[in-house]
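> Below are the sequence and a predicted model; questions follow.
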Amino acid sequence: MATRKYTDRMRNTLIFRRFPKGLRALAGTIDAVMKSLVCLISGRGSNLQAILQAQRDQRWEQTLDARVAAVISNRAQAPGLAIARDHGVEAHVVAHDAFGSRSAFDAALAQLIDRYEPALVVLAGFLRVLTPDFVARYPGRLINIHPSLLPAFAGLQTHRRALDAGVRVHGTTVHFVSGELDAGPIIAQAALAVAPGESEASLAARVLALEHVLLPRCIAWILAGTVRLEGRRVAVDGLAAADLLTFAA
Ligand code: GRF
């Protein structure tokens, strides 16, 4: 993808017409070092927005040789698609309801993802269960953010269930994806104290604010090689416990 972009731009320049071979090789080199991220979404896209903001603010293209190359939604109506386009990121829809089976949908999704040869695939609010075949395609390259402190409250309605259970601590988890729902080696968590009498809406908003910090941070660690999956364990270099578990009162 990146190669095509660079060469399209270059093809129109005089210098490219005079030295096409050399510049084509240069475009290939640029492509070789630039890592692609593909983000999968299903709806609002506030985590995607946080990722794109971090990419811009922290200049990931320069500091990590990485950029979000594409966003894919399984719903055509997802507001997050407009966020992608506003940031100049290619946005696609692979509508799950157009496929007769989960595996047919996942195969089409994987085919599109693989066009970008991503260093990392981020489930940034992607509300579909993925097949083991899909997950196995991206070992150490597939992460998810979940709005609870896993392994507590996998699945939906996490804030409601946390309040019903009366937990005093709640939060969010970023993890490598395994074959089971909302499971897999944990990279980092951000926690908060549940206030007495707190409403579900307040808790959801406070956890979401933590998500927006945690997910871009984990992505940057993985792209930098600071965090990686080794077998079923997450290996980290030079990070303290306080980096991997943050706590908001
Ligand atoms: C987030 O709470 C995320 O943790 C969960 O789905 C929600 C998506 O929100 N997996 P958004 O689309 O990123 O705003």
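Thanks, I have it.
> Ignoring the adjacent residues along the chain, who's closest to residue 150?
Counting by CB to CB, 6 or more residues apart in numbering, the nearest residue to residue 150 once its immediate chain neighbours are dropped is residue 173, at 4.3 Å. Yep, even glycine has a C-beta here, placed from its N, CA and C like the rest.
> Shouldn't the one you found be within a helix?
No - following the definition DSSP: H, G, I helix; E, B strand; the rest coil, residue 173 is strand and is not counted among the residues of a helix.
> tell me which residues in stretch 73-83 are buried?
Of the residues in stretch 73-83, those with enough neighbours to count as buried (16 or more other CB atoms under 10 Å) are 73-75, 78, 80-81, 83.
> Residues contacting it, please?
With contact meaning CB atoms under 8 Å, 6 or more residues apart in numbering, stretch 73-83 is reached by 40-46, 48-49, 52, 71, 91-96, 105, 109, 124-128.
> cool, stretch 97-104 as well?
Counting by CB under 8 Å, 6+ apart, stretch 97-104 makes contact with 105, 108, 129, 131, 133, all of which sit outside it.
> ok, and of those residues, which contact the ligand?
With CB under 6 Å from any ligand atom as the criterion, the subset of the contacts of stretch 97-104 in contact with the ligand is empty.
> Mind checking which of those residues land in helices?
If you go by DSSP state H, these have 105, 108, 133 in helices.
> Most neighbours among those, please name it.
For the ones in helices among the contacts of stretch 97-104, the largest number of neighbours (other CB atoms under 10 Å) sits with residue 105, at 21 neighbours.
> if I look at that one, how far off is residue 77?
17 Å (CB to CB, to the nearest Å).
> what's the offset of stretch 58-72 from the middle of its chain?
Averaging C-alpha positions (CA atoms, centre = their mean, to the nearest Å) puts stretch 58-72 12 Å from its chain's average.
> Contacts (any at all) between the ligand and it?
No - for a cut-off given as CB under 6 Å from any ligand atom, stretch 58-72 has no contacts with the ligand; the smallest distance is 11.2 Å.
> which residues make contact with that stretch from outside it?
Contacting residues not belonging to stretch 58-72 are listed as 1-2, 33-41, 48, 51-52, 54-55, 80-81, 83-84, 87, 89-94, 109, 112-113, 116, 118-119, 216, 220, 223-224 [CB under 8 Å, 6+ apart].
> just these that are near the ligand?
The overlap between these and the neighbours of the ligand (CB under 6 Å from any ligand atom) comes to 41, 80.
> Filter the contacts of stretch 58-72 down to the buried ones.
Of all those considered here, the ones buried according to neighbour count by 16+ other CB under 10 Å are 2, 34-41, 48, 51-52, 54-55, 80-81, 83-84, 87, 89-91, 93-94, 109, 113, 116, 118-119, 216, 220, 223.
> Can you flag which of these belong to helices?
2, 48, 51-52, 54-55, 80-81, 83-84, 109, 113, 216, 220, 223.
> So among the residues you listed, where is pLDDT lowest?
Of all those, the one the model is least sure of by pLDDT is residue 2, with 44.
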